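[1] Sequence and computational prediction follow.
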Amino acid sequence: MGNRDTRVRGIAARAGAWSARHRWAAVGIWVLFVVLAMGLGSAAGRVDVKDSDQISGETSQAAHIIDAAGIDEPAGETVLIQGKDPGTKATDAGFRAAVADVMKAVESTGKVTAVTSPYDAGTLSKDGRSALVQFDIRGDAETAGERVEPVLKAVEGVQKDHGDLRISEIGAASMNKTFDDAFGDDFKQAEYSAVPVALGILLIAFGALVAALLPVALAVTAIMATMGLMAVVSHFQPMSDTANSVMLLVGLAVGVDYCLFYLRREREEREAGRDPETALRIAAATSGRAIVVSGITVCVAMAGMLFTGIAEFEAMGLASLMVVAVAMVGSVTVLPALLSLLGGRVEKGRLPFLRRGGRRSGGRRATGESRFWKKVLDVVLAKPVISLVVATGALLAVASPALGMKTQNLTLDQEFGDSLPIVATYQRLNDAFPGGSEPAEVVVKAKDINAPEVKAALADFRAQAVSSGASRGPVDIKVHDSQNVALVSVPLVGGSDQDRAEKSLDLIRDEVRPATLGKVDGVEAPVTGQVAGSKDFNDKLVGAVVPVFAFVVVFAFLLMLLSFRSLTIAITSIALNLLSVGAAYGILVAVFQHGWGASLVGAEGVGAIVTWLPLFLFVILFGLSMDYHVFVVSRIREARMRGRDTKDAITHGVVTTAGVVTSAAVIMVAVFAIFGTLSMQSMKQMGVGLATAVLIDATIIRGVLLPAVMTLLGERNWYLPKWLRRLPDLTHDESPEPVAPPRPPSVEGEKVGV
């Protein structure tokens, strides 16, 4: 079980001891670090991921051809005009007048170009009841959403003058504006709610304002420093708004958790009768060590995203990794310095209606033990086999729907349901012009785009795209002579039905293109667009699953092996975490793909899980679940090293950590659940997936399965084969000092080697 002397080893213990001795220096260095990071970030500015770097496959190939040719594709917009009365036709005089008014109104804004009449372009529906006025937004397409507002208002004005018609706008710029507004509002709501929720739960957990503020303050300063570092790093690895939001989410979760672990252990040791100095040193050696092990494990898990080859994931992974590292360093350096400075004042602002922690029972102070979990443990340890079978069976049953998981990028109507007016426009447009709202685009590159054989191939492609059943037209061809590039717009049959639209895309890629453009030497013709981008992204992500899973699992296994010097604990850690992630997947599929109980969380079954979520959840959950696992197992190992038998050590470890694990889990679940209340389905999926997984992990996994498995294994929990004993020893004696009665403050605390 390791040495039994009073020497405490480990970087966390040394860092905590140094910070406690040099309190003002530690606080000053931290403040200087945060200020410098923010200053450097502000000076450097953030570089964001380009659209052409976010995608893969043919979609990426098409984007690079357009970029290399210097073609600035404007953001296209469409105004859909329909009669409310079934008898209204696009050829009616009133309808024609409305079309003319729309064209005049949008041109008068000065924000558009290339306004096209439906009567000239032939953009009339087959039933003759709908027409499309098409135009482009001037300027950079990526920022068109910021300039489209006057055009939207102009179209709204025409609608007011023609009450017998439905006149509404949709397109790249208006959809981006709608998405950005909803995304921004959602995350503002989440960000503004998360800190007060966490603070409220910490107030209940600690019963004192100062103690509750410490974890939040450290998490917020870690996030501020990381935002500055992200800006600097973005010049080497571009970042994004999504990466920033994920960083905020992860930073708040781990920052609060790490401080909570540290602070609760320090209070527990003081309540057990230790003097403040000794209590702080024990907290540094125990919870500090657990924080370092957990933090490194979370960082390794986040690093798994760097193996996806997808720029957005790489940005999220790097941002998350940085905030975890910063929060970990802050927790083992500035936190002990602050605790040393505050001393007894950490109890300031005590809430009168909450009882002080540390109850007396039979003349003995029960420090941090949970009565509820003690009762649960009594049942689990009395019948470990039954507990293991029932809990595992239940989680496998919950995980089973994940076997039929289907992933795709959500369409506008799937993402927002009926909550936004533009969704109704999107649906009406797809009904009248299938695939017209999000057509495929074939980017044709040739040595001479006007060569007779290329022109003939383009004409054949246009004809076969319709005759094959992949499109109902119109297939529009825009030739850029000087760049020898042609852009072919192909509305796909299937429209917003992703499965049908993908079949149409496959027809274009696998049959129509080879039979036409593919026969001309030297011609490149990648197919891009929303449907193609979703498919290519999905395919790329599927290919990244195995290397990412392997990297995260193997390195987490090695870290557990080195940290606890037990092959058994390393294996059970991985198995339990995988079971937790599987259960989260099952709940996601049941609720959001099949719609079972979706109304309970204010969602609806959309038939699919958003493409990026499964891999993202795996990495995040695998990392975060190690927080609890390392903390609980460290406490069990500590009790075992102090002479308790394995069963007694398990009981002690679980019941003494139950309070802090429950508090940490409640904070995480509450913060993640906020995302489940947002309007976007993808955010609901992320919030529900994270919240349910953390809840399962902190209750069934840590409270039932872990103690049941460890009880059945007995002394085999600490098994390490002889051939592995040469591995580096990263363990140490977590709590060498015996419990002592309280001593007067004037007596110097017992010295601990650091």
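    Cool, the structure landed.
[2] Val488: what's it in contact with?
    For Val488, the set of contacting residues under the criterion of Cβ atoms under 8 Å, 6 or more residues apart in numbering consists of Glu441, Val442, Val443, Val444, Leu458, Phe461, Arg462, Val475, Asp476, Ile477, Lys478. Backbone N, C-alpha and C define where each C-beta goes, glycine included.
[3] cool, and Ala253?
    Taking Cβ under 8 Å, 6+ apart as the contact definition, Ala253 lies against Leu624, Ile667, Met668, Val671, Phe672.
[4] Mark which of the contacts of Val488 are buried, thanks.
    Buried positions within the contacts of Val488, assessed by neighbour count (16 or more other Cβ atoms under 10 Å), are Glu441, Val442, Val443, Val444, Leu458, Phe461, Arg462, Val475, Asp476, Ile477.
[5] List the beta-bridge partners for the second one.
    Per DSSP bridges, residues listed as beta-bridge partners of Val442: Val488, Val527.
[6] quick revisit: can you tell me which of the buried ones among the contacts of Val488 are in helices?
    Where the buried ones among the contacts of Val488 overlap with helices, as defined by DSSP state H, the overlap consists of Leu458, Phe461, Arg462.
[7] Check those residues against Val256 and report the nearest one.
    Using Cβ to Cβ, Phe461 comes nearest to Val256 of those, at 57.1 Å.
[8] Output the below-cut-off pLDDT ranges for this structure.
    Applying pLDDT under 70 to the predicted model, the residue ranges of the chain that meet it are 1-10, 51-56, 183-192, 353-370, 418-419, 435-437, 495-496, 602-603, 729-754.
[9] and the residue sitting nearest the centre point of it, what helix or strand is that in?
    Residue closest to the mean C-alpha point of the chain, counted by Cα atoms, centre = their mean, is Val246 at 5.2 Å. When secondary structure is defined using DSSP states H and E, the element that contains Val246 is helix 241-271.
[10] Identify each buried residue in that helix, please.
    Neighbour-count burial for helix 241-271 [16+ other Cβ under 10 Å]: 242-271.
[11] same thing with stretch 606-614?
    Of the residues in stretch 606-614, those with enough neighbours to count as buried (16+ other Cβ under 10 Å) are Val606, Gly607, Ala608, Ile609, Val610, Thr611, Trp612, Leu613, Pro614.
[12] May I ask which two of those residues are separated the most?
    Using Cβ to Cβ, the buried residues of stretch 606-614 reach their maximum pairwise distance at Gly607 and Trp612, which is 16.8 Å.
[13] quick one: the residue of the chain positioned farthest from its centre from Pro86, how far?
    The outermost residue of the chain, judged by C-alpha distance from the chain's mean C-alpha position using Cα atoms, centre = their mean, is Ala93 at 52.5 Å. Applying Cβ to Cβ, to the nearest Å, the value for Ala93 to Pro86 is 18 Å.
[14] repeat for Val488
    Noted for Val488: a distance of 34 Å to Pro86, by Cβ to Cβ.
[15] Over to Ala394?
    Plainly put, Ala394 is 54 Å away from Pro86 if you go by Cβ to Cβ.
[16] Compare those two (neighbour count), which wins?
    Ranked by neighbour count (other Cβ atoms under 10 Å), Ala394 and Pro86 place Ala394 first, with 14 against 8.
[17] Chain neighbours aside, what residue packs nearest to that one?
    Ile700 (7.4 Å; Cβ to Cβ, 6 or more residues apart in numbering).
[18] so where do the strands sit in the stretch 451-600 of the chain?
    Defined through DSSP state E, counting those that start in this stretch, the strands belonging to the stretch 451-600 of the chain, from first to last, are 476-480, 485-490, 527-528.
[19] of all those strands, which lies closest to Ser573?
    Of all the strands of the stretch 451-600 of the chain, the one in closest proximity to Ser573, counting by Cβ to Cβ, is strand 527-528 (43.2 Å).
[20] pull the CA atoms of stretch 422-430 into PDB?
    As requested, the backbone C-alpha atoms of stretch 422-430 are provided in PDB (Å, rounded to 0.1, in the frame of the first residue of the first chain):
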ATOM      1  CA  ILE A 422     -38.800  32.200 -40.600                       C
ATOM      2  CA  VAL A 423     -39.400  28.500 -39.900                       C
ATOM      3  CA  ALA A 424     -42.900  28.800 -41.400                       C
ATOM      4  CA  THR A 425     -41.400  30.600 -44.500                       C
ATOM      5  CA  TYR A 426     -38.800  27.800 -44.700                       C
ATOM      6  CA  GLN A 427     -41.500  25.100 -44.700                       C
ATOM      7  CA  ARG A 428     -43.700  26.900 -47.200                       C
ATOM      8  CA  LEU A 429     -40.800  27.400 -49.600                       C
ATOM      9  CA  ASN A 430     -39.800  23.800 -49.400                       C
END
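[21] distance between it and the chain's centre?
    With Cα atoms, centre = their mean, to the nearest Å as the basis, the distance from the averaged C-alpha position of stretch 422-430 to the chain average is 29 Å.
[22] which parts of that stretch are buried?
    In terms of neighbour count (16+ other Cβ under 10 Å), stretch 422-430 has its buried residues at Ile422, Val423, Thr425, Tyr426, Gln427, Arg428, Leu429, Asn430.
[23] quick check, nearest of those to Gly687?
    The closest of the buried residues of stretch 422-430, once distances to Gly687 are taken by Cβ to Cβ, is Val423, at 20.9 Å.
[24] what about the closest one, which helix or strand?
    Take DSSP H and E as the rule and Val423 turns out to sit in helix 421-432.
[25] returning to what we had before: following the helix holding Val246, which helix or strand comes up?
    Once the chain leaves helix 241-271, the following helix or strand, as judged by DSSP H and E, is helix 276-285.
[26] Tell me which stretches of the chain form strands.
    75-83, 112-116, 130-137, 165-171, 359-361, 364-366, 407-408, 440-445, 476-480, 485-490, 527-528, 609-610 (DSSP state E).
[27] between these, which gets nearest to Val35?
    Between the strands of the chain, strand 609-610 lies closest to Val35; by Cβ to Cβ that is 37.8 Å.
[28] Run a quick neighbour tally on the spatially closest residue to Tyr262 that is not a sequence neighbour.
    When the adjacent residues along the chain are set aside, Tyr262 lies closest to Ser287, with 4.6 Å between them (Cβ to Cβ, 6+ apart). Residue crowding around Ser287 was assessed by other Cβ under 10 Å; the count is 33.
[29] In JSON lines: the contacts of Val488, plus distance to Pro384.
    Converted to JSON lines, those look like this (distance: Cβ to Cβ, whole Å):
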{"residue": "Glu441", "distance to Pro384": "60"}
{"residue": "Val442", "distance to Pro384": "62"}
{"residue": "Val443", "distance to Pro384": "62"}
{"residue": "Val444", "distance to Pro384": "67"}
{"residue": "Leu458", "distance to Pro384": "71"}
{"residue": "Phe461", "distance to Pro384": "67"}
{"residue": "Arg462", "distance to Pro384": "70"}
{"residue": "Val475", "distance to Pro384": "67"}
{"residue": "Asp476", "distance to Pro384": "68"}
{"residue": "Ile477", "distance to Pro384": "71"}
{"residue": "Lys478", "distance to Pro384": "70"}
